[in-house]
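S.K.: Got a predicted structure plus its sequence, pasted below:
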Amino acid sequence: METHDVVIVGGRLAGSAAAAALARAGRDVVVLERGRLPSDTLSTHVLFSAGIEEVRRMGALDDLLALDPSYMRGIQLHMGDDVTVRERWSPEGETDYVLCVPRTIQDVVLADAARRAGADVREGSEMLDVLWEGGRAAGVRYRAADGEVRDVRCRLVLGADGRRSTVAARVGAWRPYRGSLNGRGLVFRYLDDPQAGTELNETLMQWRDGTSFCMVFPSAPRPRTVALVMGPAADVPRARKDPEGTWAEFLRRHPGFAERIAGATNVGKLRSTNDVSAYFRPSSGPGWALIGDAGHFKDPVIGQGQRDALWMGRTAGEAAAAAIEDPAALDAALRRWEQLRDEECLAAYHLANAETRIAPQPPALVEIARRAQGRGAPDLGDLFQRTRTQQEVLTVPRLVGGAVGAMARRPRQALSILRASIPDLRTDLAVRAEARAGRFRSTRVVTGSEHPGWTWPAAPTRRDPAPATPSAGTAASDARVAAARVPAPAPAAAAPTPSSPTTEVPA
Ligand SMILES: Cc1cc2nc3c(=O)[nH]c(=O)nc-3n(C[C@H](O)[C@H](O)[C@H](O)COP(=O)(O)OP(=O)(O)OC[C@H]3O[C@@H](n4cnc5c(N)ncnc54)[C@H](O)[C@@H]3O)c2cc1C
């Protein structure tokens, strides 16, 4: 049987970043990617500076910039009719701009960087099952690009296979231990920007109008641009039924957004989803770990998933590379890594949860933004750049000052503003307390951040790994497939329970 140090399942952001880190550290890595790149995946592609720095570390930034992206050098934030904040970004390392490169072209660059670092990236290769030895993950069974089912032995299986992670299902970590229901829907389309070449084309723009957010992300290659509306989840079925009617309604409801993209050409069809609930899964165990969306996801409203997937891939890869020889040290290193991931992602998770609440903008926040107008220096944009956490940007004195200022501006509504501000302040204090406590895999709900009603679909069932087509050397491969056959899928009623590790490495 083939043997490698690490098998990574999934070859986009998290998988490529982990593969590059491991291969650079001299580890022998195979990446199994079910799809063939270039291929699309549902995303709005914004990559903040910290994510761009991760791409630089992978040695892939020059190739990304060669795709002729627009450079977003600042943010323009509109809050209602009369508040507009314009800011430059805080730089992260050498980067002071933000990109939005479609995944069809970006992910090829990342996979190529992993290959250049020395990883063996196998496209068209679908992982079917995790193999076990003495209670440890010890390899995977996969269907190769030629249709043959093969087994690979390894010291570590890294699941970088996204939200519907088969690795998570096979290692018994399918069901997250905490999560939050998103109330927002996401509807977007590509177009060619009439403002190409102007300062507007170098600006990430967001309108917070009523209960909706509208955004414009200049993309790649120029003048491609993403125009996005995140309103109530109920917008999504309407947009699917009547795309152009719903888009026309968005433009009527949000005149600033409509003005920004007026005159756009080459306008593509609408894309949409309202299936973006946030979660944390247990993400490390004996011989396995989950990186990227496979282990943790938060609402794309704050555009942090790509950055975090790259960060998780690199840091998990580095942690594993240093301990790969010793199973106990490897498991301990990945458990520490999981704790570090939670510390890294918790504030952004809560911020994203807050941003998915379908409600008018909190008066205290509008007042804070009003006071930040005209400064130009980095401030609220740090929430997206992750230079500072929400709690560091929106300090308690600033929140209290915002609420008091809003009450002074509208004395007749002072009582309702006070009533609206107190729960937000309470949630903020609970988030601070949680960050200080540093609990591991905490299931304690932070009221006000984690929206109830969150459900989880059934785990993917095991599929019959018989080869799709007979291949050369049929007798030998048929015998191997027969030996590798796994039990039939569990009946539907049992499906929500994570599948148990049952497939032992064949002797
Ligand atoms: C609608 C939407 C918009 C978003 N917009 C943004 C944004 O603007 N900015 C941002 O930063 N983030 C955004 N995100 C989040 C971002 O897309 C994800 O966080 C990111 O793609 C995670 O990368 P990943 O490598 O972990 O997983 P993925 O990108 O999901 O890649 C997983 C890979 O695993 C492969 N795979 C799955 N199963 C198997 C298997 N059994 N065998 C082999 N391969 C397998 C898949 O083919 C896939 O290529 C958005 C997400 C959504 C849903």
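M.R.: Sure, I can see it. Residues are numbered from 1 along each chain as shown.
S.K.: Contact partners for Ala369?
M.R.: Shown here is Ala369, whose contacts under the criterion C-beta atoms under 8 Å, 6 or more residues apart in numbering are Leu77, Met79, Val83, Val85, Leu380. Glycine gets a C-beta too; all of them are placed from N, C-alpha and C.
S.K.: Next secondary structure after whichever strand or helix holds Trp207?
M.R.: In this structure, Trp207 is located in strand 203-209 according to DSSP states H and E. From strand 203-209 onward toward the C-terminus, using DSSP H and E, the following helix or strand is strand 212-218.
S.K.: Could you give the average pLDDT over that following strand?
M.R.: Strand 212-218 shows a mean pLDDT of 98.
S.K.: Check the contacts of Ala369 against Gly51 and report the nearest one.
M.R.: Distance to Gly51 across the contacts of Ala369 (C-beta to C-beta) is lowest for Leu380, with 18.9 Å.
S.K.: which residue does the stretch 401-507 of the chain bring closest to the ligand?
M.R.: For the stretch 401-507 of the chain, the residue closest to the ligand is Pro460, as judged by C-beta to the nearest ligand atom, at 8.4 Å.
S.K.: pLDDT at the residue lying closest to that residue once chain neighbours are set aside, what is it?
M.R.: Nearest non-adjacent residue to Pro460, counting by C-beta to C-beta, 6 or more residues apart in numbering: Ala169, 5.3 Å away. The predicted local confidence for Ala169 comes out at a pLDDT of 98.
S.K.: Return the residues of this protein in contact with the ligand.
M.R.: Applying C-beta under 6 Å from any ligand atom, one finds that the chain approaches the ligand through 9-15, 32-35, 41-46, 126-127, 160-162, 166, 186, 273, 276, 292-294, 300, 303-307, 309.
S.K.: thinking again about what came up before, just confirm the residue of the stretch 401-507 of the chain closest to the ligand contacts Thr166, I think it does.
M.R.: Yes. A contact is recorded between Pro460 and Thr166 when judged using C-beta atoms under 8 Å, the distance being 5.8 Å.
S.K.: neighbour count winner among the two?
M.R.: Thr166 (26 against 16; other C-beta atoms under 10 Å).
S.K.: okay, now the domains of the protein?
M.R.: 2-69+102-180+276-355, 186-231+234-273, 363-437 (automatic domain parsing).
S.K.: Minimum distance to Thr455: which of those has it?
M.R.: The stretch from the domains of the chain with the least distance to Thr455 (C-beta to C-beta) is domain 2-69+102-180+276-355; that distance is 8.1 Å.
S.K.: one step back: got TSV for the domains of the chain, with distance to Thr95 too?
M.R.: Written out in TSV, the entries for the domains of the chain read as follows (distance: least, C-beta to C-beta, whole Å):
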stretch	distance to Thr95
domain 2-69+102-180+276-355	4
domain 186-231+234-273	14
domain 363-437	10
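S.K.: In contact with the residue of the stretch 151-300 of the chain found nearest the ligand, which residues?
M.R.: Proximity of the stretch 151-300 of the chain to the ligand (C-beta to the nearest ligand atom) peaks at Gly292, 2.1 Å away. The neighbourhood of Gly292, defined by C-beta under 8 Å, 6+ apart, consists of Gly10, Arg12, Leu13, Ala14, Gly15, Ala160, Gly162, Asp308, Ala309, Met312, Gly313.
S.K.: Now do the closest residue to Trp337 other than its chain neighbours against the ligand, distance only.
M.R.: Nearest residue to Trp337 in three dimensions, chain neighbours excluded: Ala319, at 4.3 Å (C-beta to C-beta, 6+ apart). Relative to the ligand, Ala319 is positioned 17 Å away (criterion: C-beta to the nearest ligand atom, to the nearest Å).
S.K.: So Ala319 sits against Arg335, correct?
M.R.: No. Taking C-beta under 8 Å as the contact criterion, Ala319 and Arg335 are not neighbours in contact, 9.7 Å apart.
S.K.: Look at these two and report which has more neighbours.
M.R.: Applying other C-beta under 10 Å to Ala319 and Arg335 shows that Ala319 carries more neighbours, namely 22 against 17.
S.K.: which element is that one on?
M.R.: With the criterion set as DSSP H and E, the secondary-structure element containing Ala319 is helix 305-323.
S.K.: Which positions within that helix qualify as buried?
M.R.: In terms of neighbour count (16 or more other C-beta atoms under 10 Å), helix 305-323 has its buried residues at 305-321, 323.
S.K.: now the angle from the helix ranked longest in the chain to helix 305-323?
M.R.: Secondary structure of the chain per DSSP state H: the longest helix is helix 327-355. Orientation note: helix 327-355 sits at an angle of 170 degrees relative to helix 305-323 (axes from the mean of the first three to the mean of the last three C-alpha atoms, to 10 degrees).
S.K.: tell me which residues in helix 327-355 are buried?
M.R.: When neighbours are counted by 16+ other C-beta under 10 Å, the buried residues of helix 327-355 are found to be 327, 330-331, 333-335, 337-339, 341-342, 345-355.
S.K.: Counting by contacts, list what it packs against.
M.R.: On a contact count with 3 or more C-beta pairs under 8 Å, 6 or more residues apart in numbering; DSSP states H and E, helix 327-355 meets strand 149-159, strand 278-280, strand 284-285, strand 288-290, strand 296-297, helix 305-323, helix 390-393, helix 414-437.
S.K.: which one of these is the most hemmed in?
M.R.: Per-stretch averages of neighbours, counted by mean count of other C-beta atoms under 10 Å, single out strand 288-290 among the helices and strands packed on helix 327-355, with a mean of 31.
S.K.: So which elements touch it?
M.R.: Identification of packing neighbours for strand 288-290 by 3+ C-beta pairs under 8 Å, 6+ apart yields strand 149-159, helix 166-170, helix 327-355.
S.K.: returning to what we had before: so after the longest helix of the chain, what's the next helix or strand?
M.R.: Secondary structure here is assigned by DSSP H and E; on that basis, the next helix or strand after helix 327-355 toward the C-terminus is helix 363-372.
S.K.: ok and that following helix relative to strand 203-209, angle-wise?
M.R.: Using the same axes, to 10 degrees, helix 363-372 lies at 140 degrees relative to strand 203-209.
S.K.: please renumber so the chain begins at 271
M.R.: Happy to do that; since the first residue is 271 now, the last one works out to helix 633-642.
S.K.: Tell me the first helix or strand C-terminal of helix 633-642.
M.R.: Using DSSP H and E, the helix or strand that directly follows helix 633-642 along the chain is helix 652-655.
S.K.: On the strand side of things, show who Val499 bridges to.
M.R.: Beta-bridge partners of Val499, counted by DSSP bridges, are Val457, Cys484.
S.K.: got a list of what it touches?
M.R.: Residues in contact with Val499 (C-beta under 8 Å, 6+ apart) are Leu456, Val457, Phe458, Ser482, Phe483, Cys484, Met485, Asp505, Phe520, His524, Phe527.
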